[in-house]
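*Asks:* Predicted coordinates and the sequence they were generated for:
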Amino acid sequence: MNRCVIVGSAPVEDPDRLKDLIRKDDVIFCADGGFETALRMGVRPSFIAGDFDSFAGDLPEDIEVIRLPECKDDTDLMFCVKEALRRGFNDVLLLGATGGRMDHTIGNLGILLYLARRNAGNLMADAYNQAFVAQEGAYMITGKKGDMVSVFPYGCNQCCVSYEGLAYPLHHGTLNAEEPVGVSNRLTQEKAVITVHSGPVLVVKSKE
């Protein structure tokens with residue numbers, strides 16, 4: 001099935017950088033003010049949901065819209081993620097999910113873990129960063145030489161990982177949640193492999 005791209009309402013300074021991450025066959029969902037970001041990117045969603053506290057414009061009549069109550073347990077973005085899974089998507093890209101309020105950014109990172117534990121592809125991206133949660137297995141990281149790659153235990157106290165193709169290699173190394181020693185590693189070539197022996201882990205690739 002095609003990937004579902006869910007656009008949140010976090011502030012986006014350069015929508016063109018995000019548009020470059022969208023594939024032709026992606027299906028676009030918008031969470032509340034994410035619809036405005038989609039308009040700025042020039043992409044058309046097939047689904048919009050929210051309580052619309054961050055979007056005050058007119059909603060299109062030819063796109064499916066679900067209005068949510070203000071008082072609810074799930075954020076608008078989380079509602080869209082659950083709806084994507086309910087509709088059969090097993091690969092999700094989150095855009096407009098970082099920046100602005102820190103509590104929302106932290107909550108949105110938790111959504112990556114939610115997706116990973118349901119065996120769904122998960123990725124969150126902004127103009128300079130890409131992040132995903134990895135469970136046990138080997139994961140290829142691609143980018144330019146010098147791109148930063150950081151690894152953190154996520155949803156656990158410690159993890160065991162190995163790196164190949166990074167400036168500071170590890171072989172069955174243990175990372176602890178309270179000591180961020182996995183931060184700011186770097187690609188030494190265009191491809192690297194991170195093997196998660198026990199986890200899960202949060203992997204963040206960043207450009208300066």
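*Replies:* Looks like it came in fine.

*Asks:* Now do the buried residues in the worst-scoring helix or strand of the chain on mean pLDDT.
*Replies:* Taking mean pLDDT, DSSP states H and E as the measure, the chain has helix 15-19 as its least confident helix or strand, at a mean of 90. Residues of helix 15-19 classed as buried by neighbour count (16 or more other Cβ atoms under 10 Å): 15, 18. Using the backbone N, CA and C atoms, a C-beta is placed for each residue, glycine as well.

*Asks:* from what I can see residue 150 touches residue 181, true?
*Replies:* No. Using Cβ atoms under 8 Å, residue 150 makes no contact with residue 181, being 10.0 Å away.

*Asks:* any chance you could map the helices in the protein?
*Replies:* Using DSSP state H, the helices of the chain run over 15-19, 34-41, 76-86, 102-116.

*Asks:* which other helices and strands contact the first one?
*Replies:* Read that as helix 15-19. Taking 3 or more Cβ pairs under 8 Å, 6 or more residues apart in numbering; DSSP states H and E as contact, the helices and strands that helix 15-19 lies on are helix 34-41.

*Asks:* quick one: the helix it packs on to helix 76-86, angle?
*Replies:* 80 degrees (axes from the mean of the first three to the mean of the last three Cα atoms, to 10 degrees).

*Asks:* Tell me the helices and strands packed up against helix 34-41.
*Replies:* Where contact means 3+ Cβ pairs under 8 Å, 6+ apart, helix 34-41 is packed against strand 4-7, helix 15-19, strand 27-31.

*Asks:* could these be laid out in JSON lines, adding distance to residue 56?
*Replies:* Listed next are the helices and strands packed on helix 34-41 as JSON lines, based on distance: least, Cβ to Cβ, whole Å:
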{"stretch": "strand 4-7", "distance to residue 56": "17"}
{"stretch": "helix 15-19", "distance to residue 56": "19"}
{"stretch": "strand 27-31", "distance to residue 56": "15"}
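
*Asks:* No further questions, thank you.
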